[in-house]
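*Asks:* Have a look; sequence and predicted model below, questions after that.
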Number of protein chains: 2
Amino acid sequence: MDIRELEIFLVVADLLHFGRASRQCNLSPSALSRTIQRLEEELGQALFVRDKRSVQLTEVGRSFHDYARKAIQDYRSFQVALGGERALSGTLSLYASITAVYSLLPDLVEAYRHAYSDVQLELRTGAAEEAVAQVEAGEIDIAVAALPDRRGARIDFLPIMTTPLLFIAGHQLVEELDLLSRNALELVSMPLVLPQAGLSRRRLDQWLKKNRLVPNISSEVSGNEAIIPMVHLGCGIGIVPQLVLERSPFKDEVAVLSNAPQLDPYVVGLCSNQRTLQKPVVRAFWQLAEQRLAETQLHKT
Amino acid sequence: MDIRELEIFLVVADLLHFGRASRQCNLSPSALSRTIQRLEEELGQALFVRDKRSVQLTEVGRSFHDYARKAIQDYRSFQVALGGERALSGTLSLYASITAVYSLLPDLVEAYRHAYSDVQLELRTGAAEEAVAQVEAGEIDIAVAALPDRRGARIDFLPIMTTPLLFIAGHQLVEELDLLSRNALELVSMPLVLPQAGLSRRRLDQWLKKNRLVPNISSEVSGNEAIIPMVHLGCGIGIVPQLVLERSPFKDEVAVLSNAPQLDPYVVGLCSNQRTLQKPVVRAFWQLAEQRLAETQLHKT
DNA sequence: CTCCATCATTGCGATTAGCGCAATACAGTG
DNA sequence: CACTGTATTGCGCTAATCGCAATGATGGAG
């Protein structure tokens, strides 16, 4: 009977759907199922009736829902009261992909430093791919990076913004190959400049596989930022997140191909493992981000 | 942050002594120390000041004490409310040594059946030694037996009563060897009837070792109950818990040797492992026993 | 002053619990 | 009847937790 298990229960009780709940909790379906089983065994009462097709709360489940909400509430209040007593101190280690350093980080870090000036910050930059691994290993408290498709265990993500994946080409190449009048399938047969690995590469590979195409790769580079100069040099068509393009000094030297395949957008956000996320210094950063996110959402509507 | 960890914290906060707290929690000192460390890390604040010679609560520790007590209270209330909604049902498996079946069990079982008549009881009897093993293996919910000196991990005990270990001999033997006028050291040099294993055997072995004596074992039997007839037959001096002697049909046929070594008394009580003790059916039995125990204590005073 | 007892902590090996993956069971659908 | 969607279960693996033994530090006894 753990705070985390209570939270998991609340999600299931809210959604009444194990699969969706498991995704929301960043948990495999089996783990979620067994978590609920554990709770039910510990209480000696069933919390849900699984009706082969639907999930409903039992009477006991409803009582437990009240209890769980209150218990979590109490715990959070206590944590807040604790934070009020003493200013946070310690070290917060951040890891950010270059993409993220340009976009999200300044805002967040400024706000954090303003609120918790006693916390010493440690910022490391590197490839987005590495970020998740660092978080999993506990080397880093929070990574600010693109969210991978597949999430490891005990990792929490906080999506902050999305940015579309754009196909770009140098102006000269656009004219040479008459790129603007071609359809998506034709475009991806042109010479491509791709990252060796990473999310956008996987997205393209998925799309190619779905359409049974083999890419014509003119060059592979590491890192999204490096793609843009390569494209500028006319090596081929590149794929970059809009966010990266906007911050690039070459952004006016390349053209965006609007007649390109629609890949799923890049999602950028925070990434931390659930264990270190318990640390107050870390949780504060996370909650600050959530807060700013909520404000932004409100602002939009 | 687990209910159990909160309880552990409360014990430490109450006793302000890690060693004693660890014994009260049936935990090794190291495990207890690390449990507190975990809590402190999770909260990001120290709960105790370890002053090289004394342990004191910090300010945060006092707040946490309030929180923990309330959280446990809430949980217990919820469990009670749960129990109120539906009568307990299921199976409770008990294991009792013969000694215990005669003494403690009738009271407890009757009270339990009266309170929770829907629970199906399963009673197995056997050697006291085996009881703890069965509990550890999870084969049995609760054992009613003598408490072993060394307790395994994750096992909870509830001492209910103590009974002294008595040296007994057949009347004929008392006269033959003039037992009543001999001192303790001489007595244990006489032929002895001992259980092959078990607590009373270990107690005697300890005493012998301390006094650098080698026993003169006339016969070894299994089980305390069997000792009495053997003693009655004049095989030698036996050692039995008073409780066993009282219930024995031979109790008038043997004499108690008051001039014998004083061994630590037998402690009889409940034994369960902390995991199955979470099951409501099991916890109910345990709490019922605690309740009756408290009433008895009150009665005495 | 030295030796010893006490007490919290830490290193280490072993055990347990919790997770993800893949397979399974089962009901509704095209 | 194949197929999809959904919860569960078998299994291997990793991480958490425990007990034992050693450590370090401290105050009291001889």
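*Replies:* In hand now; what should we look at?
*Asks:* Please make it C-alpha for all contacts and neighbour counts, starting now.
*Replies:* Will do.
*Asks:* So which bits of stretch A:134-148 are buried?
*Replies:* Across stretch A:134-148, burial judged by 16 or more other C-alpha atoms under 10 Å in any protein chain shown covers A:134-136, A:140-148.
*Asks:* near chain B at all, the one helix or strand A:Gln297 maps to?
*Replies:* Per DSSP states H and E: A:Gln297 is located in helix A:280-300. Yes: legend: contact between helix A:280-300 and chain B by C-alpha under 8 Å from any C-alpha of the partner chain is shown at A:Pro280.
*Asks:* in that helix, what counts as buried?
*Replies:* A:280-286, A:288-290, A:293.
*Asks:* How about stretch A:39-50?
*Replies:* Residues of stretch A:39-50 classed as buried: A:39-48 (neighbour count, 16+ other C-alpha under 10 Å).
*Asks:* Close to chain B: what parts of chain A are there?
*Replies:* A:1-3, A:41-44, A:60, A:64, A:67, A:71, A:74-75, A:78-79, A:82, A:278-280.
*Asks:* Okay, and which of those residues map to helices?
*Replies:* Counting by DSSP state H, those place A:3, A:41-43, A:60, A:64, A:67, A:71, A:74-75, A:78-79, A:82, A:280 in helices.
*Asks:* PyMOL command to pick out the buried ones of these?
*Replies:* A single PyMOL command selects the buried members of these (16+ other C-alpha under 10 Å):
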select buried, chain A and resi 41+42+43+60+64+67+71+75+78+82+280
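*Asks:* The ones in helices among the residues of chain A next to chain B into JSON lines, with extra columns for distance to B:Glu130 and pLDDT?
*Replies:* Formatted as JSON lines, these follow (distance: C-alpha to C-alpha, whole Å; pLDDT from 0 to 100):
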{"residue": "A:Ile3", "distance to B:Glu130": "37", "pLDDT": "92"}
{"residue": "A:Glu41", "distance to B:Glu130": "26", "pLDDT": "88"}
{"residue": "A:Glu42", "distance to B:Glu130": "26", "pLDDT": "88"}
{"residue": "A:Leu43", "distance to B:Glu130": "29", "pLDDT": "87"}
{"residue": "A:Val60", "distance to B:Glu130": "37", "pLDDT": "91"}
{"residue": "A:Phe64", "distance to B:Glu130": "38", "pLDDT": "95"}
{"residue": "A:Tyr67", "distance to B:Glu130": "40", "pLDDT": "96"}
{"residue": "A:Ala71", "distance to B:Glu130": "40", "pLDDT": "96"}
{"residue": "A:Asp74", "distance to B:Glu130": "44", "pLDDT": "95"}
{"residue": "A:Tyr75", "distance to B:Glu130": "42", "pLDDT": "93"}
{"residue": "A:Phe78", "distance to B:Glu130": "45", "pLDDT": "91"}
{"residue": "A:Gln79", "distance to B:Glu130": "46", "pLDDT": "85"}
{"residue": "A:Leu82", "distance to B:Glu130": "48", "pLDDT": "79"}
{"residue": "A:Pro280", "distance to B:Glu130": "47", "pLDDT": "80"}
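*Asks:* Return the member of the ones in helices among the residues of chain A next to chain B nearest to B:Glu186.
*Replies:* Nearest to B:Glu186 among those, counting by C-alpha to C-alpha, is A:Glu42 at 55.4 Å.
*Asks:* Pull up the gap between the closest one and B:Arg76, please.
*Replies:* 13 Å (C-alpha to C-alpha, to the nearest Å).
*Asks:* now do A:Pro164
*Replies:* 51 Å.
*Asks:* Counting neighbours, go ahead and name the busier of the two.
*Replies:* A:Pro164 (15 against 12; other C-alpha atoms under 10 Å in any protein chain shown).
*Asks:* And A:Cys271, its phi and psi?
*Replies:* For A:Cys271, the backbone dihedrals are phi -140, psi 130 (criterion: degrees, to the nearest 10).
*Asks:* same deal with A:Lys251?
*Replies:* Dihedral angles (degrees, to the nearest 10) for A:Lys251: phi -60, psi -20.
*Asks:* all strands of the stretch 201-301 of chain A, in order?
*Replies:* Taking DSSP state E, counting those that start in this stretch, the strands of the stretch 201-301 of chain A run over residues A:216-221, A:237-241, A:254-256, A:266-273.
*Asks:* winner for burial among these?
*Replies:* Counting by mean count of other C-alpha atoms under 10 Å in any protein chain shown, strand A:237-241 has the highest mean neighbour count of these, with a mean of 27.
*Asks:* For that one, give the mean pLDDT please.
*Replies:* The average of the pLDDT scores along strand A:237-241 is 89.
*Asks:* packing partners for that strand?
*Replies:* Packed against strand A:237-241 by the contact rule (3 or more C-alpha pairs under 8 Å, 6 or more residues apart in numbering or on different chains; DSSP states H and E) you find strand A:165-170, strand A:191-195, helix A:199-210, helix A:224-232.
*Asks:* any idea of the angle it forms with strand A:165-170?
*Replies:* 140 degrees (axes from the mean of the first three to the mean of the last three C-alpha atoms, to 10 degrees).
*Asks:* picking up where we left off before, give me the lowest-pLDDT entry from the buried residues of stretch A:134-148.
*Replies:* Ranked by pLDDT, the buried residues of stretch A:134-148 bottom out at A:Pro148, which has 68.
*Asks:* Quick check: the residue in chain A sticking out farthest from the centre vs A:Phe167, distance?
*Replies:* Among residues of chain A, the one most distant from the C-alpha centroid is A:Glu176; the distance is 37.9 Å, by C-alpha atoms, centre = their mean. Here the criterion is C-alpha to C-alpha. By it, A:Glu176 lies 16 Å from A:Phe167.
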